[in-house]
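Participant: Any chance you could fold what I've pasted below:
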Amino acid sequence: MLRLHFTAEDLARVQVATELDPLWETVLGLQQLHCPGRGAPVFRTWRRRALDVVAQRQLTRSVRLLAALTPNRGYTPDFLTPAAAAAGFDCGLDAIRATRPGRLRRELRQLGGGVTARRTPPRPWLRDLAGGDHDRMADLAAAVRTVHHAVIAPDWTDAHTLAEGDRALRARALRDGGVHGLLSSFGPGMRWEPPVLHADYPLDRDLRLAGRGLRLVPSYFCWRTPVSLADPELPPVLVYPVGHDTSDSVTGTTPQALHAILGRTRARTLAALHDTATTGELARRLRVSPASASQHVHALAAANLVHSRRIGNHVLHSLTPLGAALLHGRIPAGKALT
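Facilitator: Numbers count the residues shown, from 1 in each chain. This next block holds a predicted model:
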């Protein structure tokens, strides 16, 4: 169990990340790639496709190099998931390259009981990496980039759609219940008992935020239990899993099915309107121009999937019951679709 201890100042500094973190997704995706039981059946199709890509593109060496640093259980070095990645993949990769030698040695010693303390000699490249060898660090950065673009990035749109839906859920919880409502919305793996957030965790650990606040990061590849940085001196982060449909039967509409019916961008538009938005807010969620967002909303409104109304200088868009039913793959009990 992980217990995060909040002060009043921490509660004022809670934030939810605006999008998925590319380096956390790479690390957690690698763990899913090599541990079939952890996310099955949710990641079964993705894993099969990813392994085919690894074989076809001859990426085995890069994957094995990173797998040595990202074990399925236990400690993973914090330097692989720097806070700078919140500004984008390239910024995060630059931060990995800039890891100070002392920190690199310390975290690699902690990996698997210590690189220098293992009974069997570590791989030469890992020993060289711990020694600050610039060529080995270049190899590591190249492997992270290669694996991310080949294995993680192809599913980024679907992952982003789930993350946007989760973010809308958290925004609604914050709007209706304040920070306490937000922290109470993370279930069943987390439980808010002020001033402590209890999270399912493989280790028994207390983390005192001490006025630094907490950054909550949604993750597609995180599974069942949240993940945190090991070093308590680093800015506090809690990576938590977004909701996946884990049923064997089809009880909801899959992103792929919506893409086939509506097209990728309009399917994303429908998903982004899980929570009501203005045209400008929708454009930012989709990363398109306001004119493009307006065009897609107009097409969805013509099919009675979206309702738009003007309030002052803004046009507010929300899903109609029919749009919500199409998005979620079911008709809400007692609801008419008109």
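Participant: can you tell me which residues contact the spatially closest residue to residue 20 that is not a sequence neighbour?
Facilitator: Nearest residue to residue 20 in three dimensions, chain neighbours excluded: residue 163, at 5.1 Å (C-beta to C-beta, 6 or more residues apart in numbering). Backbone N, C-alpha and C define where each C-beta goes, glycine included. By C-beta atoms under 8 Å, 6 or more residues apart in numbering, residue 163 lies in contact with 19, 20, 218, 219, 220, 242.
Participant: Test my guess that the fifth one contacts residue 25.
Facilitator: Yes: using C-beta atoms under 8 Å as the test, residue 220 is close enough to residue 25 to be in contact (6.2 Å).
Participant: The residue nearest to residue 20 in helix, strand or coil?
Facilitator: In the three-state summary, residue 163 is assigned as helix, counting by DSSP: H, G, I helix; E, B strand; the rest coil.
Participant: still on that earlier bit, can you list residues touching both of residue 220 and residue 25?
Facilitator: Residues touching both residue 220 and residue 25 comprise residue 159, with contact defined as C-beta under 8 Å, 6+ apart.
Participant: Now do stretch 100-116: everything it contacts.
Facilitator: 69, 71, 74-79, 117-118, 122, 126-127, 129-132, 230.
Participant: State the distance from residue 168 to residue 110.
Facilitator: Distance from residue 168 to residue 110, counting by C-beta to C-beta, to the nearest Å: 38 Å.
Participant: err, residue 189, not the other one
Facilitator: Between residue 189 and residue 110 the distance is 25 Å, computed by C-beta to C-beta.
Participant: between the two, which one's more packed in?
Facilitator: Regarding residue 189 and residue 110, a neighbour count based on other C-beta atoms under 10 Å identifies residue 110 as having more, with 18 against 15.
Participant: mind checking which helix or strand the more buried one is in?
Facilitator: With secondary structure defined by DSSP states H and E, residue 110 is part of helix 101-110.
Participant: Distance from that helix to the middle of the chain?
Facilitator: Averaging C-alpha coordinates over helix 101-110 and over its chain gives two centres that are 26 Å apart (C-alpha atoms, centre = their mean, to the nearest Å).
Participant: Pull out the buried positions in that helix.
Facilitator: 104, 105, 107, 108, 109, 110 (16 or more other C-beta atoms under 10 Å).
Participant: what is the rounded mean pLDDT of it?
Facilitator: In this model, helix 101-110 carries a mean pLDDT of 88.
Participant: Equivalent analysis for stretch 302-319, please.
Facilitator: Per-residue pLDDT values over stretch 302-319 give a mean of 84.
Participant: May I see the buried residues of that stretch?
Facilitator: For stretch 302-319, the buried set under the neighbour-count rule, 16+ other C-beta under 10 Å, comprises 305, 306, 307, 315, 317, 319.
Participant: wait, which of those is closest to residue 292?
Facilitator: Sorting the buried residues of stretch 302-319 by distance to residue 292 puts residue 317 at the head of the list, at 13.7 Å, by C-beta to C-beta.
Participant: does residue 28 sit in a helix, a strand or a coil?
Facilitator: Going by three-state DSSP, the secondary structure assigned to residue 28 is helix.
Participant: correction: residue 207
Facilitator: strand.
Participant: Who are the contact partners of it?
Facilitator: Taking C-beta under 8 Å, 6+ apart as the definition of contact, the neighbours of residue 207 are 2, 3, 4, 5, 228, 232, 236.
Participant: For it, give its distance to residue 28.
Facilitator: Summarising the geometry, the distance separating residue 207 from residue 28, computed by C-beta to C-beta, is 19 Å.
Participant: Equivalent analysis for residue 188, please.
Facilitator: Relative to residue 28, residue 188 is positioned 20 Å away (criterion: C-beta to C-beta).
Participant: okay, the residue nearest to residue 20: pLDDT?
Facilitator: According to the predicted model, the pLDDT of residue 163 comes to 84.
Participant: swap in residue 120?
Facilitator: Residue 120 carries a pLDDT value of 38.
Participant: again with the one 5 residues further on
Facilitator: In the predicted model, residue 125 carries a pLDDT score of 73.
Participant: again with residue 201
Facilitator: Reported pLDDT at residue 201 in the predicted model: 90.
Participant: Backbone torsions only: list them for it.
Facilitator: Here is the backbone geometry of residue 201 (degrees, to the nearest 10): phi -160, psi 150.
Participant: Now do the contacts for it.
Facilitator: With contacts defined as C-beta under 8 Å, 6+ apart, the neighbours of residue 201 are 1, 2, 225, 226, 228.
Participant: Check those for the minimum pLDDT and say which it is.
Facilitator: residue 225 (88).
Participant: wait, residue 54 sits on residue 150?
Facilitator: Yes: using C-beta under 8 Å, residue 54 and residue 150 qualify as a contacting pair, with a distance of 7.4 Å.
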